[in-house]
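Student: A structural model of the following input is requested.
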Amino acid sequence: FFLMIRRPPRSTLDRSSAASDVYKRQVSTQSTWDILLFGMEDKIFKYVEEEFDKNALPALMDYMRIPNLSPSFDPTWETNGLAQKGCDHLVSWITAQKLEGCTVSVIKEPKYTHLIHVEIEGSAKTSKTVLMYAHWDKQPPMEGKWAPGLGPFTPVVKDGFLYGRGGADDGYGTFAAVLSIKACQHFKLPHPKIVMLLESCEESGDDLAYYLKKLGETKIKEVDLVICLDSCAADPNRIWITDSLRGVINMDLKAQIMKDGVHSGDAGGIVPETFTILRELLGRIESTKDGKMIDALHVPIPEKIKKNAELLASLYGSLIYKMYPWVEGGKPETEDVAELLLKRTWKPALAIIGQEGLPEIATAGNVLRASTTLKLSVRLPPTLSSIKAGEILKEVLTKDPPYGAEVTVSGIDPANGWSAIEYPTAFDAAIKRVSKAYFKNDYGVIGVGGSIPFIGLLAEKYPKALFVVTGAASSSSNEHAPNENLDLGYTKKFIAAISGIIHESAVIFSSQLLQITF
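Tutor: Predicted coordinates:
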């Protein structure tokens, strides 16, 4: 089958007429998906399904067997060879796909992590560039806490789900990105120039910011569309687009009242307990009644965000909070689902993620300890500067310390959030078509409470770029936790849909002759 869509000669256009306006709107939204009513999506899906099952899935599982933890969780990452092993495995698989016009390179500088850089020449008549992003470093394994028969580095396929560390977050992303382009090329669907940045430090820091600065000076000067595969889906019934990400700031809060610990029976009642001091300090930034954080960390929430929260609440109701592994009788701070969605995506939230100074229970003696340190993780509204938030928190926590204690804030690690700009009409329509082609439903929009620092960085560097922040993981994928899993059925449809979005972008970016053969 051969199809041609030809643009009318420029001389035939009456740019001042109403007919011309209609034509221009048609050109801006025209796509092969409008007129290929011959099971094209079925052909693409079957191709992706076979490629994934026979080609990508075995390689993905082999990658999951490599315990290449993110640098923050492995102090020997640069010498133990695990990051290099993971990198070599992925590069070998990408190279073996023999994508047309593809070059693969690894960027690695001393003290910085590995970055896999892939460039694929465009086959569409456009100079536009699509940047695809995924990461392949892993969270800690949490050995011994997985369900029977499951483990972090022993991947298992069970009931249509792939279990193991790094499958959903975000190891599948590399394979999804490559297969989406492979499908385009197999069916001769034109695609723009593709740049893939596959990093190994997302869970730890900002090495990619360093590399992007260097690449931006030489190889990635302009980006027109960013496709990030590290977000999530709210359900398996459609493509989900993330329209906001919260920022985050981590810091160590230490309270010290003595130079050394002393007998608790002798000093108790005279010397204040440092844990009590920390409780008082935390009360300055978070209410113990409802978890609300200080006003200085809040921002105005756009009306469209509030309306979308109400829509999602009406669709999913209590499932929004019942999906978490509560203890018997456990419940959220409120059962107002729309409010919970806003609290999760546009309001600040505090978590205590680590401590120093408290011994293990089995070895704890009757000692009034000299100090206690807590590691705080504060999620921030998408549009609040993380630098500003750090300054606010440090001032509030260290001012006028209780009982004259020495209170210090250190290890401040800020990362900004991100809020999306609205899609142009043509691009919005394109994603709707693709979602309906593979999922029979319009795409959904959801804010995400987590953080992908790289997205905010890209938005600053390429302010005119469109962003498709999406992913095949779901809220039940247990990313960062035991029993991490990936829905394989959804993932295969998702990859086919990403292929469609890439091709759609080529059609929108280009007004040239379009030819499709299959």
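
Student: contacts for stretch 85-99?
Tutor: Stretch 85-99 is contacted from outside by 55-56, 59, 62-63, 66, 68, 102, 104, 106, 108, 114, 116, 118, 120, 136, 174-175, 178, 181-182, 185, 198, 200, using C-beta atoms under 8 Å, 6 or more residues apart in numbering. Where you see a C-beta, it was placed from the backbone N, CA and C, and this is true even at glycine.

Student: with only the CA atoms kept, save that stretch in CSV.
Tutor: Coordinates of each C-alpha in stretch 85-99 appear next as CSV, following Å, rounded to 0.1, in the frame of the first residue of the first chain:
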residue,chain,number,x,y,z
LYS,A,85,28.3,-3.2,33.3
GLY,A,86,24.8,-1.7,33.1
CYS,A,87,26.0,0.9,30.5
ASP,A,88,27.7,-1.7,28.4
HIS,A,89,24.6,-3.9,28.4
LEU,A,90,22.3,-1.1,27.2
VAL,A,91,24.7,0.2,24.6
SER,A,92,25.1,-3.3,23.2
TRP,A,93,21.4,-3.8,22.9
ILE,A,94,20.7,-0.3,21.4
THR,A,95,23.5,-0.9,18.8
ALA,A,96,22.1,-4.3,17.9
GLN,A,97,18.8,-2.8,16.9
LYS,A,98,20.5,-1.3,13.8
LEU,A,99,18.4,1.9,13.6
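
Student: now do the strands in the stretch 101-250 of the chain.
Tutor: For the stretch 101-250 of the chain, strands defined by DSSP state E, counting those that start in this stretch occupy the ranges 102-107, 115-120, 129-135, 156-158, 161-163, 193-199, 225-228, 232-233, 240-245, 247-256.

Student: mean pLDDT for these: which is lowest?
Tutor: Sorting these by mean pLDDT places strand 232-233 lowest, at a mean of 92.

Student: output the contacting helices and strands for that one.
Tutor: Packed against strand 232-233 by the contact rule (3 or more C-beta pairs under 8 Å, 6 or more residues apart in numbering; DSSP states H and E) you find strand 240-245, strand 473-474.

Student: let's see 7 Å
Tutor: Applying 3 or more C-beta pairs under 7 Å, 6 or more residues apart in numbering; DSSP states H and E, one finds that strand 232-233 contacts strand 473-474.

Student: and the strands of the stretch 101-250 of the chain: which comes nearest G450?
Tutor: strand 240-245 (6.7 Å; C-beta to C-beta).

Student: return the set of buried residues in the closest one.
Tutor: Across strand 240-245, burial judged by 16 or more other C-beta atoms under 10 Å covers 240-245.

Student: right, and R238 touches V445 too?
Tutor: No - the criterion here is C-beta atoms under 7 Å, and R238 misses it with V445 at 10.1 Å.

Student: which residues in the stretch 301-450 of the chain form strands?
Tutor: Ranges of strands in the stretch 301-450 of the chain, per DSSP E, counting those that start in this stretch, are 349-356, 367-368, 371-380, 406-415, 418-419, 444-448.

Student: could I have the fourth one exported to CSV, CA atoms only?
Tutor: The C-alpha atoms that make up strand 406-415 are tabulated as CSV, following Å, rounded to 0.1, in the frame of the first residue of the first chain:
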residue,chain,number,x,y,z
GLU,A,406,23.0,24.2,68.6
VAL,A,407,20.7,23.7,65.6
THR,A,408,22.3,23.3,62.1
VAL,A,409,20.9,22.7,58.7
SER,A,410,23.3,21.1,56.2
GLY,A,411,23.4,18.9,53.1
ILE,A,412,20.8,21.1,51.3
ASP,A,413,20.0,19.5,48.0
PRO,A,414,17.3,21.5,46.0
ALA,A,415,15.6,20.6,42.8
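
Student: that older thread, relative to K145, which of the strands of the stretch 301-450 of the chain is closest?
Tutor: With respect to K145, and counting by C-beta to C-beta, the nearest of the strands of the stretch 301-450 of the chain is strand 349-356 at 16.1 Å.

Student: helices or strands up against the closest one?
Tutor: strand 371-380.

Student: what about the strand it packs on, average pLDDT?
Tutor: The average pLDDT for strand 371-380 rounds to 98.

Student: tell me the buried residues in that strand?
Tutor: Quick answer for strand 371-380 (16+ other C-beta under 10 Å): 371-380.

Student: make a markdown table from those residues and add distance to Q84 to it.
Tutor: Listed next are the buried residues of strand 371-380 as a markdown table, based on distance: C-beta to C-beta, whole Å:
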| residue | distance to Q84 |
| --- | --- |
| S371 | 39 |
| T372 | 39 |
| T373 | 34 |
| L374 | 35 |
| K375 | 29 |
| L376 | 33 |
| S377 | 30 |
| V378 | 34 |
| R379 | 33 |
| L380 | 34 |
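
Student: show me the contacts for the residue nearest to A267 when sequence neighbours are not counted.
Tutor: When the adjacent residues along the chain are set aside, A267 lies closest to L368, with 4.7 Å between them (C-beta to C-beta, 6 or more residues apart in numbering). Counting by C-beta atoms under 7 Å, 6 or more residues apart in numbering, L368 touches 261-262, 264, 267-268, 271, 273.

Student: same question, I249
Tutor: The contact partners of I249, taken as C-beta under 7 Å, 6+ apart, are 378, 380, 386, 389-390, 412-414.

Student: right, and D243 touches V448 too?
Tutor: No - using C-beta under 7 Å as the test, D243 is too far from V448 to be in contact (8.8 Å).

Student: distance check, Y438 against T345.
Tutor: Spatial separation of Y438 from T345 under the definition C-beta to C-beta, to the nearest Å is 26 Å.

Student: picking up where we left off before, please pick the buried ones from the contacts of L368.
Tutor: Of the contacts of L368, these count as buried by 16+ other C-beta under 10 Å: 261-262, 267, 271, 273.
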